[in-house]
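Trainee: okay, predicted coordinates and the sequence, questions at the end:
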Amino acid sequence: MFSKVVNAFRSATSEFTEALNAAQRSPIEDLKQTWRDIADYVVHCEQEDDDTPADQTNLPTCFGAIVQVLQQEEEQHQGETGPCIEYILNHRILDQIVKLGLHNQPPGLLILTLAFFTEIFARIKQQLLPHVGVSAPVQALLQGTTAQLRDRPELNRPFMLLLCSVCGKLVDNPALGDLFVLHASSLHDPQMLASKPPTHLLVDAAAAVVTSADWHESRLAKDALLVCASLHSQLSQKVMLSHSLVWNILADHFVQLYVELPQQHSDTSPAFQAELARLSHDRMSAWRTLSKQVDLTTCGPDLVSLYTLVAWLGFLDEVASVNPSMGQALATALLERALRGVIGKKLIRVSEDVAYSTTTYLTICLTQIRCELLLRAFVVFLLGTPTSLTLSPDAPLDLLDAAGLELPETSLDVFADGDQPPMLYQPFKALDTQGAEGDASGAELRKQLIARCDDMSDRLSTASLLLILRLLTSYHELVYWQLLLGDVHAEPLTDEAAEARQAETSPARALVDGLMEVVPTHLKTDDSEESYSDYIVSAQAASQLGSQRCQRWVTQARQGLEPWVTAARSGDPGLNDTVAGGVAGVGPLAYRCSNAFISMLARKLKRFFHQPREMNLVLTAILTTLVQVPHVGLKESIMGSNETSVWAAVKTLQEDLAGRAGRDKDLEARVRSTRANMINEREVDDTAVGRVCQGVIFLEEFCKELAASLLVNANQVSLS
């Protein structure tokens, strides 16, 4: 009994002595003792084969104590290097911690090591990465952990937290990104380049996790990639462009997400179909906030796949926007591996259901994209590339020249057996010059897309028209050239035609008056001044947007009689973009366009009274958008007096309506009843007779909208 009391007293005395000694130790002594405790325990675990998980031992407390000592020292020395950090750097303590962590004994030690380094970079304000005693172990930790990610998914989140903390240190000093480039010397040695190509540890680490199904892990990897893509270091950029698989990985994951979408529209839920319609018109908010916008746990599989694809595309759009050279590499990979490689094959399928789904998905993609480089990739895919047009660069070439960068002609990535061979990255002008000898794929898709706008299936026709509208509202030069301007012909006017044009008091006013007469007065159901005013306001905003977006390429002077000449303002104040003055040495010009696209629009317009209202709404939006582009050749081709113009189709429609009004005495009453039902959101007759009544109403509104656009463009209307 007495011996037990003595032992208890000795134990308490020993603990008290240790606590007293600890209180009397300096921070550097605490640091040394903590490090000895960690090393001794790890050795004990190896010798005794102790498999106790690391988080159930005293190791987390020890690692936390080291961070606390370093943080307190930094505060005392006001950001200067103190004895503790010098001890760690001089004795390569971090190297030893990394070796122990990668050995992962006891189990879970690697996770603790990742968390320890994350805390170091998060809490220590001074820049430690330039020290070789820090950068070297971080390199080893990144490289060793990346190799284990495939077999140990539990490492993903702590690893991404560390990666983001490291990338955070690069924001203030981008040059530090070069510290994570391995085998950089091989860039100057062709023989070594083949055996040891350079690699960027941060990019490879983020690429390994960016496609994770876990939303939080993927988001952290995306943030890290965005930081890497924005680095202005020449070495880092060159390695990322020439020797990184990240662009292929990003494009291939887009393909994976796309093929997970329902390919048969009949198999989708009503909620999915409603969301398809919404996303075809509205852009989803930032991809980072998807989990806050939508509760994915309550969504069906089809909706989850749709939201995931749209969020991924939003991320790609942001990556391509942070750096023009990176955007070019990503756009090229997306074009070759995703669009042409997979989606194009689905788009040319004969099945109406698959074609409809693919067309709708592409419309959603175009609605979400804001980066000009990604947009160009989609445009080249859908419409092909011209053989005689030098496009305005979407990213200034001088930015790349100033950085001393040239996009590589080929990729020297080394692939494992069975992997898909790397795509060949093209020069910066790749998306302009691909298909210079005739892009059969793009030309065939363009031809098929225009044909499907006039398909027997109203659903497929409407979807194809909506895709065309999304392309037009991007105001990309290549869209207008491939659909219309490539076939616009400028011809000198005869002397009689030139005199007649000079005698016109106001060509714009004549067009407006003609539009106001298309629908007979007794069939008009809304002839108030307020409705005209609303259309004027909308047309003003749309025309300003069109002018801003198209100014880069519309105002470029071209040689000869091409329709890209900058028109001299004529003496007619009512039409500010008339080319009555013509081109020097040529005289006044007349523009004419006759191709499959303009012919399709004319045919659709002539069948206005027999088509569903959804189709007519998209059709009129396309025509109004075309008129709002400040391009004289385009406008005259559409609204000119030649027999192939849309204006000629409008006059034919006017004659058709006049004949119907003469034969059907009850047409006026039915039109007014249909208008009342539409205003009060009551069911509307969708039979052949009902479609005629709806067509009359939409035609009236379309003529007012088109007239407002012509007036705004011609007279530069300004409303206060």
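Mentor: Alright, I've got the coordinates.
Trainee: what segments of the stretch 451-600 of the chain are strands?
Mentor: Remark: strands assigned in the stretch 451-600 of the chain by DSSP state E, counting those that start in this stretch are 488-492, 589-593.
Trainee: which of these sits most buried?
Mentor: strand 589-593 (a mean of 22; mean count of other CB atoms under 10 Å). (Each C-beta comes from the backbone N, C-alpha and C, glycine too.)
Trainee: show the average pLDDT along that one.
Mentor: Strand 589-593 comes out with an average pLDDT of 72.
Trainee: now the angle between strand 488-492 and it, please.
Mentor: In terms of direction (axes from the mean of the first three to the mean of the last three CA atoms, to 10 degrees), strand 589-593 departs from strand 488-492 by 150 degrees.
Trainee: the stretch 601-720 of the chain: helices as residue ranges?
Mentor: 613-628, 632-639, 646-663, 667-679, 688-715 (DSSP state H, counting those that start in this stretch).
Trainee: quick one: the second one to strand 589-593, angle?
Mentor: Meaning helix 632-639. 60 degrees.
Trainee: now helix 632-639, how far from the chain's geometric center?
Mentor: 31 Å (CA atoms, centre = their mean, to the nearest Å).
Trainee: leaving out the residues flanking it, which one is nearest to residue 279?
Mentor: Nearest non-adjacent residue to residue 279, counting by CB to CB, 6 or more residues apart in numbering: residue 364, 4.7 Å away.
Trainee: how far away is that neighbour from residue 478?
Mentor: 20 Å (CB to CB, to the nearest Å).
Trainee: just the strands in the stretch 101-250 of the chain please.
Mentor: Under DSSP E, counting those that start in this stretch, the stretch 101-250 of the chain gives strands at 181-182, 199-200.
Trainee: the first one pairs with which strands?
Mentor: Yep, that's strand 181-182 we're talking about. strand 199-200 (antiparallel) (DSSP bridges).
Trainee: ok, residue 140 - contacts?
Mentor: Neighbouring residues of residue 140 by CB atoms under 8 Å, 6 or more residues apart in numbering: 95, 98-99, 102.
Trainee: tell me the most buried of the helices of the stretch 601-720 of the chain?
Mentor: Stretch with highest mean neighbour count among the helices of the stretch 601-720 of the chain: helix 632-639 (a mean of 24; mean count of other CB under 10 Å).
Trainee: quick one on the thing from earlier: so can I have JSON lines of the strands of the stretch 451-600 of the chain showing distance to residue 648?
Mentor: Converted to JSON lines, the strands of the stretch 451-600 of the chain look like this (distance: least, CB to CB, whole Å):
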{"stretch": "strand 488-492", "distance to residue 648": "16"}
{"stretch": "strand 589-593", "distance to residue 648": "12"}
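Trainee: between those, which one is nearest to residue 250?
Mentor: Closest approach to residue 250 among those (CB to CB): strand 488-492, 37.8 Å.
Trainee: okay, the closest one in PDB with CA atoms only?
Mentor: What follows is strand 488-492 as a C-alpha-only set of coordinates in PDB (Å, rounded to 0.1, in the frame of the first residue of the first chain):
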ATOM      1  CA  VAL A 488     -22.400  39.400-100.400                       C
ATOM      2  CA  HIS A 489     -21.600  41.000-103.800                       C
ATOM      3  CA  ALA A 490     -21.000  44.700-104.300                       C
ATOM      4  CA  GLU A 491     -21.700  46.000-107.700                       C
ATOM      5  CA  PRO A 492     -21.500  49.600-109.000                       C
END
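Trainee: tell me the mean pLDDT for that strand?
Mentor: Strand 488-492 comes out at a mean pLDDT of 73.
Trainee: neighbouring strands for that strand, and are they parallel or not?
Mentor: Strand 488-492 has these strand partners (DSSP bridges): strand 589-593 (antiparallel).
Trainee: if we can go back for a sec, quick one: the strands of the stretch 101-250 of the chain as JSON lines, columns for mean pLDDT, distance to residue 57 and mean neighbour count too.
Mentor: Putting those into JSON lines (pLDDT from 0 to 100; distance: least, CB to CB, whole Å; neighbours: other CB atoms under 10 Å) gives the following:
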{"stretch": "strand 181-182", "mean pLDDT": "88", "distance to residue 57": "34", "mean neighbour count": "20"}
{"stretch": "strand 199-200", "mean pLDDT": "89", "distance to residue 57": "35", "mean neighbour count": "24"}
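Trainee: okay, the ones you listed in CSV with distance to residue 643 next?
Mentor: Formatted as CSV, these follow (distance: least, CB to CB, whole Å):
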stretch, distance to residue 643
strand 181-182, 64
strand 199-200, 61
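Trainee: give me the below-cutoff pLDDT ranges for this structure.
Mentor: 1-24, 79, 291, 349-350, 387-441, 493, 497-506, 552, 554-589, 715-720 (pLDDT under 70).
Trainee: spatially central residue for it, please.
Mentor: Centroid-nearest residue in the chain: residue 317, 2.5 Å away (criterion: CA atoms, centre = their mean).
Trainee: what is the neighbour count of the residue nearest to that residue when sequence neighbours are not counted?
Mentor: In space, and not counting its chain neighbours, residue 317 is closest to residue 371: 4.9 Å by CB to CB, 6+ apart. Per other CB atoms under 10 Å, the neighbour tally for residue 371 reads 21.
Trainee: check whether residue 371 really touches residue 313, as I assumed.
Mentor: No. Here residue 371 does not reach residue 313: they are 10.4 Å apart, not a contact under CB atoms under 8 Å.
Trainee: nearest residue to residue 667 in space, please, no chain neighbours.
Mentor: Once flanking residues are discounted, residue 667 sits nearest to residue 661: 5.7 Å by CB to CB, 6+ apart.
Trainee: and the one you found, how close does it get to residue 314?
Mentor: 50 Å.
Trainee: residues touching residue 161, list them.
Mentor: 114-115, 118, 220.
Trainee: neighbour-wise, which one of the contacts of residue 140 leads?
Mentor: For these, the largest number of neighbours (other CB under 10 Å) sits with residue 98, at 25 neighbours.
Trainee: name the element that residue belongs to?
Mentor: helix 93-103 (DSSP states H and E).
Trainee: equivalent analysis for residue 302, please.
Mentor: If you go by DSSP H and E, residue 302 is part of helix 301-322.
Trainee: pretty sure residue 90 contacts residue 84?
Mentor: No. Using CB under 8 Å, residue 90 makes no contact with residue 84, being 11.0 Å away.
Trainee: higher neighbour count, the two?
Mentor: Neighbours of residue 90 and residue 84, each counted by other CB under 10 Å, are more numerous for residue 84; the result is 21 against 9.
Trainee: need the contact list for the more buried one.
Mentor: Contacts of residue 84 (CB under 8 Å, 6+ apart): 27-28, 31, 69-70, 73.
Trainee: chain center to the helix or strand harbouring it: distance?
Mentor: Assigned by DSSP H and E, residue 84 belongs to helix 83-90. Remark: helix 83-90 is offset 46 Å from the chain centroid, using CA atoms, centre = their mean.
Trainee: got the angle between that helix and helix 93-103?
Mentor: Interaxial angle, helix 83-90 versus helix 93-103 (the same axes, to 10 degrees): 60 degrees.
Trainee: just the buried positions in helix 83-90, please.
Mentor: For helix 83-90, a neighbour-count test (16 or more other CB atoms under 10 Å) marks 84-85, 88-89 as buried.
Trainee: related to what we said a few turns ago, and the contacts of residue 84, which of them are in strands?
Mentor: Under the assignment DSSP state E, the contacts of residue 84 contribute nothing to strands.
Trainee: which residues touch the residue lying closest to residue 540 once chain neighbours are set aside?
Mentor: Take residue 540 and drop its neighbours on the chain: the residue closest to it by CB to CB, 6+ apart is residue 712, 5.1 Å away. Neighbour list for residue 712: 536, 539-540, 543 [criterion: CB under 8 Å, 6+ apart].
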